Every structure is written in C-alpha cells, then in structure tokens.
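Enquirer: Let me see the structure of the following:
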Amino acid sequence: MERIILIETSTALCSVALAEDGVITSYKESSAPKAHASLTAVFIQEMLDEKGLTMADCNAVCVSKGPGSYTGLRVGVSTAKGLCFGSGLPLIAVGTLDTLVAQASTLTDTPVGCSHIIPMIDARRMEVYTAVFETATSPEGSRNDLRQITETSPMIIDENSFADILEKGPVLFIGDGAGKCADVIRHPNAHFCQCHPKASAMLAPAMEAYKEKRFEDVAYFEPFYLKEFVATVSKKKLW
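Expert: Residues are numbered from 1 along each chain as shown. From the prediction side, this is the model:
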C-alpha cells in the first residue's frame, strides 16, 4: 500500500492529511492563529497513532513549496525535512497554486463553461501571488487537465486585471486572496471562491509526482517564497 503524508502550511490554515493508495483516509486542520509550529508535527503524529501506523509504514512526505506565508512555509518544510531525514523517505513538493487548482475541481458550484482558473494567495493590500491556468483541449475537442499558461508572480489587482481572459468566458478566482479581489474585479464572468489551500487537495499532484519519482533533495530543498522576506525593526520600547 502506498502511503503519503501531506502537509499544507502556506497560509493561515494549518492542515495535514494521509493518503493511502490514492485516497485521503485521515485529515486534520486548524485555523488557530500562529499555531503552525505547535500543531503540524502533533497532527501528523495523531494521524499515524489513530491509524496504528509509524513513519516506517509510509512511502513519502509531501509539503507545500509555496508561494505563501514565509513563516508558514518554513514550518511546513522544516517539519517535512525532519520527517524525511529521520525515516529515509523521499520528499515531494507541490506548488500552492497547483493545490488550489486541484481544490477547485472539488467544488460543486464551478461556473458552467469555465475554461480558466486563477488561484490567488493573499499578499499585502491589493497584491496577490497568482498565475493563470487554462483547460487544455485536445484536437478531438475533449477537455483535458488544466495547464499553467503564465508564470507565478506577484500582482497588484485593479479593475482591469485579467480583462482579456474575462472577455473569453467564465473565470474562477480561488484562494485566500480571491475575496478581496471581488470588490475590484466586477466583470460578470468573474466568479470568486474565498478559501485556504488544504492538504487533502494536494493528493492528485502529489500522487503524480510520486509515480514519476519527482523527488526533492532533502538537504538542499527550500520553499518558493517568490519575494524575499524583509525583517522589520520593532517600534516597541524595550526599556
């Protein structure tokens, strides 16, 4: 049996899941603020204990590689690398935007005729980390998997953002950055789903990477921050 531990900590939601033979069999999450460091490893241990398993019974560890919260990504990647170092299991990394696109496929209210999905990770003010995914169509006219057609990049959203794509038909904006854009992008073809990426939605891309043996170098792997972390000096008086 193939077992993969899935870890998603790139946003305010901390979640982990266990996949067994391509099916999610255990899942835990928490939206408690700043609790990623204290909960991620605990959730994983609880999952394994509840199933009567150990790390030796697993085949790989998958973690979100970003973009997203600097601290959240550090916690997830550090936990995943620690598990891999201790158990000798391979490390898989899945992009946060890919997770959101996979999560979109589970929605029951996806707009009819939607050929573009635009995942959004909240950054500052009206900025998001985003990319455009398009439904690939075969010469026979059948619809295949979504493919990324633009680079992952930071973007400041205004009323003209994605105007050319919106003119082509319904577009789904999904992620924790989608909600704030709903007040700015008013095109009738724009549909919004405000949500956090979840570990359970990492299943499909994680399984694909596992079967293709696309593993990361555990020693040197680093998250995809997209923008450099900037430390600020506290304005609080210490004495």
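Enquirer: Please make it C-alpha for all contacts and neighbour counts, starting now.
Expert: OK.
Enquirer: wait, doesn't residue 127 sit right on residue 158?
Expert: No - in this structure residue 127 lies outside contact range of residue 158 using Cα atoms under 8 Å: 9.4 Å.
Enquirer: Show me the beta-bridge partners of the closest residue to residue 115 other than its chain neighbours.
Expert: Leaving out its chain neighbours, the residue that sits closest to residue 115 by Cα to Cα, 6 or more residues apart in numbering is residue 135, at 5.2 Å. Beta-bridge partners recorded for residue 135 (DSSP bridges): residue 146.
Enquirer: between residue 127 and residue 158, which one's more packed in?
Expert: With neighbours defined as other Cα atoms under 10 Å, residue 127 and residue 158 compare such that residue 127 has more, 18 against 13.
Enquirer: Now the more buried one: closest residue in space, sequence neighbours ignored.
Expert: residue 156 (4.2 Å).
Enquirer: The one you found: neighbour count?
Expert: Neighbour number of residue 156 under other Cα under 10 Å is 13.
Enquirer: got the contact list for it?
Expert: Counting by Cα atoms under 8 Å, 6 or more residues apart in numbering, residue 156 makes contact with 126, 127, 128.
Enquirer: tell me the contacts of residue 130?
Expert: Contacts for residue 130 (Cα under 8 Å, 6+ apart) come out as 97, 118, 119, 120, 121, 152, 153, 154, 155.
Enquirer: one more time with 10 Å, if that's ok
Expert: Residue 130 makes contact with 67, 96-97, 118-122, 150-155, 173-175, 177, according to Cα atoms under 10 Å, 6 or more residues apart in numbering.
Enquirer: Just the buried residues out of the residues you listed, in ChimeraX syntax.
Expert: The following ChimeraX line selects those of these that are buried, judged by 16 or more other Cα atoms under 10 Å:
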select :67,96,97,118,119,120,121,122,152,154,173,174,175,177
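Enquirer: Settle this for me: residue 166 is touching residue 132, isn't it.
Expert: No - counting by Cα atoms under 10 Å, residue 166 stays clear of residue 132, with 11.6 Å between them.
Enquirer: so where's this protein uncertain?
Expert: 137-144, 228-239 (pLDDT under 70).
Enquirer: in the top helix by length along it, what's buried?
Expert: Scanning the chain for the longest helix, with DSSP state H as the assignment, gives helix 70-87. The neighbour-count check on helix 70-87 (16+ other Cα under 10 Å) flags 70, 72-81, 83-84, 87 as buried.
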